[in-house]
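S.K.: Pasting a predicted model and its sequence here:
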Protein chains: 4
Amino acid sequence: MTLPQSGEFSLPMRVYIEDTDAGGIVYYVNYLKYFERARTEFMRSLGYEKPAFPDENLMFVVSEARVTYRSPARLDEWIRATACVTQMGAATLTFVQTAMRDSTCLAEGQVTLALVSSEHGRPRRIPTAMRQKITDLQG
Amino acid sequence: MTLPQSGEFSLPMRVYIEDTDAGGIVYYVNYLKYFERARTEFMRSLGYEKPAFPDENLMFVVSEARVTYRSPARLDEWIRATACVTQMGAATLTFVQTAMRDSTCLAEGQVTLALVSSEHGRPRRIPTAMRQKITDLQG
Amino acid sequence: MTLPQSGEFSLPMRVYIEDTDAGGIVYYVNYLKYFERARTEFMRSLGYEKPAFPDENLMFVVSEARVTYRSPARLDEWIRATACVTQMGAATLTFVQTAMRDSTCLAEGQVTLALVSSEHGRPRRIPTAMRQKITDLQG
Amino acid sequence: MTLPQSGEFSLPMRVYIEDTDAGGIVYYVNYLKYFERARTEFMRSLGYEKPAFPDENLMFVVSEARVTYRSPARLDEWIRATACVTQMGAATLTFVQTAMRDSTCLAEGQVTLALVSSEHGRPRRIPTAMRQKITDLQG
């Protein structure tokens, strides 16, 4: 199911030294951490207090991630990461994500999560309540 | 100069997956990142927009760090890191720091920063304005 | 220029606690670090002692990264990351990369680097000597 | 029990971009990761394939860490981390550790581990076989 790109979620954050590298900019790997923080708080905003482990027998794992880097973020900047669900499969959620400084896109990407059983790692159907909440939000 | 421990600065934060390890708890090394975020925002609260590099020729480096671990923080918890300057030398600042969940102390430590020249790494006297701001705060 | 996929470079490494997350497996973001270590040592094997900054006025930046996750690596495992240049543009290098445990593919991806001037960040032509070394290796 | 400081274990390693910060040097927090890698390989050299979880019901946790920073390590340097057990309590091991570049001490510190039950986190006596191996090594 393809969802309309409304309902984008945005999380502001500070760039700290821990995020930078010897190039004097944010270490490119860390944008995936920023994206994850935004996805996590998006799910929390839907009422999931344990977004990565929504149920004691279920966990989300990342099955694919893609990032295009546009412009570097620097130490002490105040930026934001966004998350928007664009596809929902039986057991998968695909997010389009960005890191922004004001209206400048620093990085954009796509991350696909799969819901699996904690014990065996087998795909599990996304619960109806969660599907409904995400669909409602997008509408 | 020993300063009274008033003026404690506190920064709330969320524990994300990036912070955890295979023990299911916050990776102990990361408390030093939490402490640094608190020191950084403390300095920002004094008006320093680039706390690690307060002047183009000056930078703070950590010369000593010490942490005692009391109780683990876990994924998704809402915690806070505190920072309080307790000693000020000619070129050094010593902070007492904690990570807290409500009234539970998760970790406590002490971090000493030295102000050095960016070019040669030699100790530099902490500027009078900065000394004054910190002293005022503690008073 | 599309290059034949011979000349794959492989770097063995250990999974440490610093690499894991609360799911008990390697934190997915860290595969990009593993990939980078392999690219770095590949460039070092060509004689570049400062692979990220091959010249004082030049630096490589990542312009795009993509990872597909197949199977999790776990604490204490002995794995390897591979790097193979598959495309060379005027100012870009594209690597196909994997993380492997024995013959099991844990993650695979593609990373594109752009060579830019350290000062302005503008694209710079990959030096002829570097192009030649990479082409020779692939042949 | 205080042990003589013979039997020092040393682990060579490369400094990668992931280890650095915007100051152009190794991010000070990461020396604790270097120290841990050395402790882990030291324990592995004693025959413990899962050094952090030596038994399915036991795990080591860090109870205290202290680092003094002497001189910065830089990108692409080849350094080594050392580990030497200097104290062994009923449930604790204390390591003296260093990070060295040739004969230059970059950082030195002390890390105390406590052995606890995985389930309740209560202190557990270090198994006799492990005590014996460590004592023999020091002798």
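M.R.: Arrived safely.

S.K.: what stretches of chain A score poorly on pLDDT?
M.R.: Low-confidence segments of chain A (pLDDT under 70): A:1-7, A:139.

S.K.: can I assume A:Gln132 sits in a helix?
M.R.: Yes: assessed by DSSP: H, G, I helix; E, B strand; the rest coil, A:Gln132 belongs to a helix.

S.K.: Distance of it relative to chain B?
M.R.: Distance of A:Gln132 to chain B, computed by Cβ to the nearest Cβ, to the nearest Å: 23 Å. C-betas here are computed from N, CA, C, even on glycine.

S.K.: same thing with A:Ile79?
M.R.: A:Ile79 is 15 Å from chain B, by Cβ to the nearest Cβ.

S.K.: The helix or strand that residue falls within: how far from the chain's middle?
M.R.: Using DSSP states H and E, A:Ile79 sits in strand A:78-88. Mean-position distance between strand A:78-88 and its chain equals 6 Å (Cα atoms, centre = their mean, to the nearest Å).

S.K.: Enumerate the positions of the following helix or strand past it that are buried.
M.R.: Where DSSP H and E defines the elements, the next helix or strand beyond strand A:78-88 is strand A:92-101. Going by neighbour count (16 or more other Cβ atoms under 10 Å in any protein chain shown), the buried part of strand A:92-101 is A:92-101.

S.K.: which of those lies closest to chain C?
M.R.: Nearest to chain C among the buried residues of strand A:92-101 is A:Thr92, at 12.4 Å by Cβ to the nearest Cβ.

S.K.: which residue sits closest to the residue lying farthest from the centre of chain A, ignoring its sequence neighbours?
M.R.: Of all residues in chain A, A:Ala22 has its C-alpha farthest from the mean position, at 26.2 Å, by Cα atoms, centre = their mean. Distances taken as Cβ to Cβ, 6 or more residues apart in numbering or on different chains put D:Thr20 closest to A:Ala22, at 3.7 Å, once the chain neighbours are dropped.

S.K.: ok, the one you found - contacts?
M.R.: D:Thr20 sits next to A:21-22, D:26-27, D:74-75 when contact means Cβ atoms under 8 Å, 6 or more residues apart in numbering or on different chains.

S.K.: can you check A:Lys133 too?
M.R.: Taking Cβ under 8 Å, 6+ apart as the test, what A:Lys133 contacts is A:46-47.

S.K.: at 7 Å instead, please
M.R.: Contacts for A:Lys133 were tallied using Cβ atoms under 7 Å, 6 or more residues apart in numbering or on different chains; they are A:Leu46.

S.K.: where's the residue farthest from the centre of chain A relative to D:Pro54, distance?
M.R.: Taking Cβ to Cβ, to the nearest Å as the measure, A:Ala22 falls 36 Å from D:Pro54.

S.K.: Please apply the same query to A:Asp55.
M.R.: Counting by Cβ to Cβ, the gap from A:Asp55 to D:Pro54 is 32 Å.

S.K.: do A:Leu113 as well
M.R.: The gap separating A:Leu113 from D:Pro54 is 34 Å, by Cβ to Cβ.

S.K.: if we can go back for a sec, which one of A:Asp55 and D:Pro54 has more residues nearby?
M.R.: A direct count of neighbours by other Cβ atoms under 10 Å in any protein chain shown for A:Asp55 and D:Pro54 places D:Pro54 higher, at 19 against 14.

S.K.: Spatially nearest residue to A:Val62 (excluding sequence neighbours)?
M.R.: Nearest to A:Val62 is C:Tyr28, by Cβ to Cβ, 6+ apart, at 4.5 Å.

S.K.: Could you tell me the end-to-end distance of stretch A:65-82?
M.R.: Start-to-end span of stretch A:65-82 (Cα to Cα, to the nearest Å) is 15 Å.

S.K.: That one and chain C in contact?
M.R.: Yes: interface with chain C: stretch A:65-82 contributes A:65-69 (Cβ under 7 Å from any Cβ of the partner chain).

S.K.: Now do the buried residues in the top strand by length along chain A.
M.R.: The residue-count maximum for a strand in chain A (DSSP state E) belongs to strand A:104-117. Of the residues in strand A:104-117, A:106-116 count as buried by neighbour count, 16+ other Cβ under 10 Å.

S.K.: will you turn the residues you listed into a markdown table that also has distance to chain D?
M.R.: Converted to a markdown table, those look like this (distance: Cβ to the nearest Cβ, whole Å):
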| residue | distance to chain D |
| --- | --- |
| A:Leu106 | 16 |
| A:Ala107 | 17 |
| A:Glu108 | 22 |
| A:Gly109 | 19 |
| A:Gln110 | 23 |
| A:Val111 | 20 |
| A:Thr112 | 24 |
| A:Leu113 | 24 |
| A:Ala114 | 26 |
| A:Leu115 | 27 |
| A:Val116 | 23 |
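
S.K.: would you turn the residues you listed into a markdown table with distance to B:Glu41?
M.R.: Output for these, formatted as a markdown table (distance: Cβ to Cβ, whole Å):
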| residue | distance to B:Glu41 |
| --- | --- |
| A:Leu106 | 22 |
| A:Ala107 | 24 |
| A:Glu108 | 28 |
| A:Gly109 | 28 |
| A:Gln110 | 32 |
| A:Val111 | 29 |
| A:Thr112 | 34 |
| A:Leu113 | 31 |
| A:Ala114 | 36 |
| A:Leu115 | 36 |
| A:Val116 | 37 |
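
S.K.: Return the member of these nearest to A:Ala129.
M.R.: A:Leu115 (13.0 Å; Cβ to Cβ).

S.K.: ok, the closest one - contacts?
M.R.: A:58, A:60, A:91, A:123-124, A:126.

S.K.: which residues does it form a beta bridge with?
M.R.: Beta-bridge partners recorded for A:Leu115 (DSSP bridges): A:Phe60.

S.K.: now the angle between strand A:92-101 and the longest strand of chain A, please.
M.R.: Between strand A:104-117 and strand A:92-101, the angle comes out at 160 degrees (axes from the mean of the first three to the mean of the last three Cα atoms, to 10 degrees).

S.K.: For the residue most central in space within chain A, which non-adjacent residue is spatially closest?
M.R.: For chain A, the residue sitting closest to the mean C-alpha position, by Cα atoms, centre = their mean, is A:Arg39 at 3.2 Å. Once flanking residues are discounted, A:Arg39 sits nearest to A:Ala83: 4.7 Å by Cβ to Cβ, 6+ apart.

S.K.: Can you report how many residues lie near the one you found?
M.R.: Counted with other Cβ under 10 Å, A:Ala83 comes out at 24.
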